[in-house]
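> Just a sequence and a predicted model for now, questions to come.
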Amino acid sequence: MAGQSDRKAALLDQVARVGKALANGRRLQILDLLAQGERAVEAIATATGMNLTTASANLQALKSGGLVEARREGTRQYYRIAGEDVARLFALVQVVADEHLADVAVAAADVLGSPEDAITRAELCDGAKPARSPWSTCDRTRNTRPAISRAPSISR
């Protein structure tokens, strides 16, 4: 039975590549940015405050984990999230962290403001351009609970 156990461990080691790619705040920052749309490496570096070498290394780690895809256009390299499932995984990781790690609530309040500052979906949509983020839709048929209390792609 040791052979079966070894094969399962090898399989789970492959699955862990996704976790390894996610296990870095700077990479999550890149995923947050790419959830809004495809970007050139230079734009990613600028938007995240990373130098080009650091941004490129983090993008390669995300690509190795199967979370982003790249395409070349001339001399420029562009990256995008590998699929909607990646966007959902990223959102779920944030929900789990928010629910189970007290420090996340403190950090989120520092970045996003307090829950009392949250606005409803209708308020968001009234002043918003068409949303490109999978977490901020302007579908007024959905409920009117606060839309931005923990939205991952909102910065102040």
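Received it, and whenever you're ready, just let me know what you need.

> Any regions of this structure where pLDDT drops low?
Counting by pLDDT under 70, the chain shows low-confidence ranges at 1, 115, 127-156.

> Give the buried residues for stretch 108-124.
108, 112, 118, 121, 124 (16 or more other Cβ atoms under 10 Å). Every residue, glycine included, has its C-beta placed from N, CA and C.

> let me fix that: stretch 12-22
Buried residues in stretch 12-22, counting neighbours by 16+ other Cβ under 10 Å, are found at 18, 21-22.

> after the longest helix along the chain, next one along is what?
Assignment by DSSP state H gives helix 2-22 as the longest helix of the chain. Moving toward the C-terminus from helix 2-22, the next helix or strand (DSSP states H and E) is helix 25-34.

> Need the residues that contact the helix or strand just after that next one.
Next helix or strand after helix 25-34 toward the C-terminus (DSSP H and E): strand 39-40. Strand 39-40 has contacts (Cβ atoms under 8 Å, 6 or more residues apart in numbering) with 33, 47, 76-80.

> so where do the helices sit in the chain?
Using DSSP H, helices in the chain cover 2-22, 25-34, 41-48, 52-64, 84-100, 102-112, 121-126.

> Would you mind giving the ones you listed as JSON lines with distance to Ala70 added?
What follows is the helices of the chain, written out as JSON lines (distance: least, Cβ to Cβ, whole Å):
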{"stretch": "helix 2-22", "distance to Ala70": "14"}
{"stretch": "helix 25-34", "distance to Ala70": "11"}
{"stretch": "helix 41-48", "distance to Ala70": "9"}
{"stretch": "helix 52-64", "distance to Ala70": "6"}
{"stretch": "helix 84-100", "distance to Ala70": "14"}
{"stretch": "helix 102-112", "distance to Ala70": "28"}
{"stretch": "helix 121-126", "distance to Ala70": "32"}
